[in-house]
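Engineer: I'll drop the sequence and a predicted model, then ask my questions.
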Amino acid sequence: MESQFENLALFGDEELDLKNVLDGAPWTFNNHLLILHHLQQGDHPLQVSLLKVPFLVQIHDLPLGYLTEAIEKQLGNFVGSFVEYDQTNKDALWMTYLQVCVEINVSLPLK
């Protein structure tokens, strides 16, 4: 039996394209969340948990003394599971908010 993907050809840098797609999450289609996972060698597609999605969360109205990495981690862990903080504009004097990347379990209601 011939695979339907046998003649499929991909162009460009596949690893870079994959990284851009995964880093650009979350994605939606017809107002529905698309949950993506990069399968590794040996992963069984039916056993992969598709419950956590990375979101970039903005936290506003913090006093200037609270714009620290420790506070970012604590607030990120309150919202979901802290992944990383956004370094862009980190040293800008006009920054009045934080951006934190968190993984949120989509099977649970938001806090």
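Structural biologist: Sure thing, it's come through.
Engineer: mind listing the helices in the protein by residue range?
Structural biologist: Listed in chain order, the helices of the chain (DSSP state H) span 14-23, 69-79.
Engineer: Adding mean neighbour count, distance to residue 87 and mean pLDDT, write the ones you listed out as a markdown table.
Structural biologist: Bear in mind the C-beta positions are built from the backbone N, C-alpha and C, glycine included. Listed next are the helices of the chain as a markdown table, based on neighbours: other CB atoms under 10 Å; distance: least, CB to CB, whole Å; pLDDT from 0 to 100:
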| stretch | mean neighbour count | distance to residue 87 | mean pLDDT |
| --- | --- | --- | --- |
| helix 14-23 | 11 | 14 | 80 |
| helix 69-79 | 15 | 10 | 90 |
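Engineer: and the residue positioned nearest the centre of the chain, what does it touch?
Structural biologist: With distances taken as CA atoms, centre = their mean, the residue of the chain nearest its centroid is residue 54 (2.6 Å). By CB atoms under 8 Å, 6 or more residues apart in numbering, the residues touching residue 54 are 25-26, 83, 101-104.
Engineer: now do 6 Å
Structural biologist: Residue 54 is in contact with 25, 83, 101, 103, counting by CB atoms under 6 Å, 6 or more residues apart in numbering.
Engineer: who's in contact with the last one?
Structural biologist: It stands for residue 103. 52, 54, 80-81, 83.
Engineer: Go through the residues you listed and name the one nearest residue 31.
Structural biologist: Distance to residue 31 across these (CB to CB) is lowest for residue 54, with 19.1 Å.
Engineer: So in the protein, where's the weakest helix or strand by average pLDDT?
Structural biologist: helix 14-23 (a mean of 80; mean pLDDT, DSSP states H and E).
Engineer: Using PDB, write down the CA coordinates of it.
Structural biologist: Taking Å, rounded to 0.1, in the frame of the first residue of the first chain, the C-alpha atoms of helix 14-23 are listed here in PDB:
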ATOM      1  CA  GLU A  14      12.600  22.600   8.000                       C
ATOM      2  CA  GLU A  15      14.000  22.900  11.500                       C
ATOM      3  CA  LEU A  16      13.800  26.700  11.400                       C
ATOM      4  CA  ASP A  17      10.300  26.500  10.000                       C
ATOM      5  CA  LEU A  18       9.200  24.100  12.800                       C
ATOM      6  CA  LYS A  19      10.900  26.300  15.400                       C
ATOM      7  CA  ASN A  20       9.100  29.400  14.100                       C
ATOM      8  CA  VAL A  21       5.700  27.700  14.100                       C
ATOM      9  CA  LEU A  22       6.100  26.300  17.600                       C
ATOM     10  CA  ASP A  23       7.500  29.600  19.000                       C
END
